[in-house]
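In: here is a sequence with its predicted model. Questions after.
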Amino acid sequence: MGIQSMKQLNELNLANNRLSGHIPDEIGNLPVLNYLDLSQNNFSGGIPLSLQNLKLNKLNLSSNMLTGDIPPLFANGVYRDSFLGNSGLCIGDSGSCNRGAGKRSLVFSWVLKSVFVIAGIVFLVGIAWFLLKYKRLKKMKKGVAITKWTSFHKLGFSEFEISDCLKEANVIGKGASGKVYKVVLSNGETVAVKKLHDKQKKDENNFKSVDSDTGEYEVEVETLGKIRHKNIVRLWCCCNTGNRKLLVYEYMPNGSLGDLLHSNKSKLLDWPTRFKIALDAAEGLSYLHHDSVPPIVHRDVKSNNILLDENFGAKISDFGVAKVVKAVNKGIESMSVIAGSCGYIAPEYAYTLRVNEKSDIYSFGIVILELVTGKSPIDPQFGEKGLATWVCTTLDRKGADHVLDPELDSRFKEHTCKVSTSGCSALVPSQSTVLQCAEWSICCRN
């Protein structure tokens, strides 16, 4: 039994009942209905035209989801409030609107919301990208701002190209003070880059850290960078960022004398080659002590700090603990700590901590004995005596055959003996200058 059977129904009030669906057409066929309130529900669709047949004193269809045209009879000011809250209805004197307007309005609203959501996401992503780039740029600018890049020669590369190549795969040497990298540049040139450890607390072999006095370090590096001599490794440039220091040197393809001499490659070093290496090193030291202004004491002369080029030409390197000798005190300065490497340190220097060229002469004498004997200065067979004492004692007691490197050609025995004797002489504390080593070199050459 439907609503159409309620012929005597005068009032129909179904307000606020959450009713949905379409308003039944049959309501318009109730002859005595004069009060109709369907407000505050979820009715959808259009308003039945049959409602125009009713003689209504009250009509309230507000706050539903009705769409389409308002029937012509109700399209006047009397019923204007009857249709409030139905966004899909066309309320006006014309009484006509597009039935799809409500649907299009919903679609447009959805599209508009989607656009705002997408725009918001894009905006947030853009902000995040900008902040990331800004942070990186700020970091780079900060790094550049505090970086002091000092160049001593005309360079075909930048600090950024150097920094990009400081990878573990490029490491060719390690020490207590840092690592050495082989860097092949974009222009085809090869350089050696020494990266000192950050904030060193201990020096190489317990020596004074270069970080302990940054100002003094920079002054000395600046001095060393101006050195021009064929037997001293060229320092192309240096970079000081406060907590990191880079030293860029010319690359020496045959590595260090120490590595070559005390390995299975020692056969590459025949006596003429070893003698040439000794002469080159002597000339380099003579330049540091007498031709450089101001004079420079290396303080760490050893076979590992004598590098060899492609023709086995020798160059002195690693001035990390070098000392500029000032004019005061007649070229002698006191240090608070010992500088040098075990087996190469002059005994009187270890006691007095007096810095002058004598300590370099002693160390160079040890290098000469290394070349002659092929032995390391800290070989266990020497015990507490060291290479110098062992050579000088053995020469006196047993003769040269028990001292000379057996891999050396016997044809050079006499010449080798002269050199070993000169090496022992260089170890005597009374020797005053490396020039005597240079004079020794000339005598041996003749």
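Out: Looks like it arrived, so ask away. Numbering: from 1, shown residues only.
In: just name the shakiest helix or strand of the chain by mean pLDDT.
Out: helix 435-445 (a mean of 45; mean pLDDT, DSSP states H and E).
In: what ranges do the strands span in the stretch 1-150 of the chain?
Out: Counting by DSSP state E, counting those that start in this stretch, the stretch 1-150 of the chain has strands at residues 11-13, 20-21, 35-37, 42-45, 58-60, 65-69, 88-90, 148-151.
In: least confident of the ones you listed, on average?
Out: If you rank the strands of the stretch 1-150 of the chain by mean pLDDT, strand 148-151 sits at the bottom with a mean of 68.
In: next SSE downstream of it?
Out: Scanning forward in sequence from strand 148-151 by DSSP states H and E, the next helix or strand is helix 159-164.
In: touching that next one from outside, list them.
Out: For helix 159-164, the surrounding residues in contact (C-beta atoms under 8 Å, 6 or more residues apart in numbering) are Thr147, Trp149, Val183, Leu185, Ser186, Val191, Val193, Cys239, Leu246, Val248. To be clear about C-beta, it is placed using only N, CA and C from the backbone, and glycine gets the same treatment.
In: mind giving me the domain split of the protein?
Out: The record's domain split for the chain, according to automatic domain parsing, is 3-97, 100-135, 147-251, 254-446.
In: out of the strands of the stretch 1-150 of the chain, the one nearest Tyr79 is which?
Out: Each of the strands of the stretch 1-150 of the chain has some distance to Tyr79 by C-beta to C-beta; the shortest is strand 58-60, at 6.0 Å.
In: partner strands of that closest one and their direction?
Out: Looking at strand 58-60 with DSSP bridges, its partner strands are strand 35-37 (parallel).
In: the strand it pairs with: how far from the chain's middle?
Out: 80 Å (C-alpha atoms, centre = their mean, to the nearest Å).
In: next: stretch 281-295.
Out: 37 Å.
In: likewise stretch 22-39?
Out: 81 Å.
In: that older thread, so which of the contacts of helix 159-164 belong to helices?
Out: Judged by DSSP state H, the contacts of helix 159-164 include no members of helices.
In: farthest-apart pair in those residues, please.
Out: Largest separation among the contacts of helix 159-164 by C-beta to C-beta: Thr147 and Ser186, giving 20.6 Å.
In: of these two, which one has the most company?
Out: Neighbour count, other C-beta atoms under 10 Å: between Thr147 and Ser186, Thr147 has more, with 15 against 10.
In: test my guess that Arg261 contacts Leu371.
Out: One thing to correct before we go on: residue 261 is Leu, not Arg. Yes: using C-beta atoms under 8 Å, Leu261 is in contact with Leu371, at 7.2 Å.
In: who touches both of the two?
Out: Common neighbours of Leu261 and Leu371, using C-beta under 8 Å, 6+ apart, are Leu269.
In: residue ranges in the stretch 1-150 of the chain under the pLDDT threshold?
Out: Applying pLDDT under 70 to the stretch 1-150 of the chain flags residues 1, 91-106, 138-150.
In: could you redo the last one with a cut-off of 80?
Out: Within the stretch 1-150 of the chain, the segments meeting pLDDT under 80 span 1-2, 4, 77, 90-109, 135-150.
In: output the below-cut-off pLDDT ranges for the stretch 201-350 of the chain.
Out: Applying pLDDT under 80 to the stretch 201-350 of the chain flags residues 201-226, 239-245, 318-350.
In: all helices of the stretch 251-400 of the chain, in order?
Out: With DSSP state H, counting those that start in this stretch as the criterion, the stretch 251-400 of the chain has helices at 257-261, 271-286, 347-352, 357-373, 386-397.
In: buried deepest among the ones you listed, which one?
Out: For these, the largest average neighbour count (mean count of other C-beta atoms under 10 Å) is found in helix 357-373, namely a mean of 26.
In: off-centre distance for that helix?
Out: Taking C-alpha atoms, centre = their mean, one finds helix 357-373 lying 39 Å from the centre of the chain it belongs to.
In: and it, average pLDDT?
Out: Helix 357-373 comes out with an average pLDDT of 85.
In: can I get that helix in PDB, CA atoms only?
Out: The C-alpha coordinates for helix 357-373 follow below in PDB (Å, rounded to 0.1, in the frame of the first residue of the first chain):
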ATOM      1  CA  GLU A 357     122.800  21.600   9.200                       C
ATOM      2  CA  LYS A 358     124.900  19.000  11.200                       C
ATOM      3  CA  SER A 359     121.800  16.900  11.900                       C
ATOM      4  CA  ASP A 360     121.100  16.800   8.100                       C
ATOM      5  CA  ILE A 361     124.800  15.800   7.500                       C
ATOM      6  CA  TYR A 362     124.500  12.900   9.900                       C
ATOM      7  CA  SER A 363     121.300  11.700   8.300                       C
ATOM      8  CA  PHE A 364     122.700  11.900   4.900                       C
ATOM      9  CA  GLY A 365     125.700   9.800   6.000                       C
ATOM     10  CA  ILE A 366     123.200   7.100   7.000                       C
ATOM     11  CA  VAL A 367     121.700   7.300   3.600                       C
ATOM     12  CA  ILE A 368     125.100   6.800   2.000                       C
ATOM     13  CA  LEU A 369     125.700   3.700   4.100                       C
ATOM     14  CA  GLU A 370     122.300   2.400   3.000                       C
ATOM     15  CA  LEU A 371     123.300   2.800  -0.600                       C
ATOM     16  CA  VAL A 372     126.600   1.000   0.000                       C
ATOM     17  CA  THR A 373     125.300  -1.900   2.200                       C
END
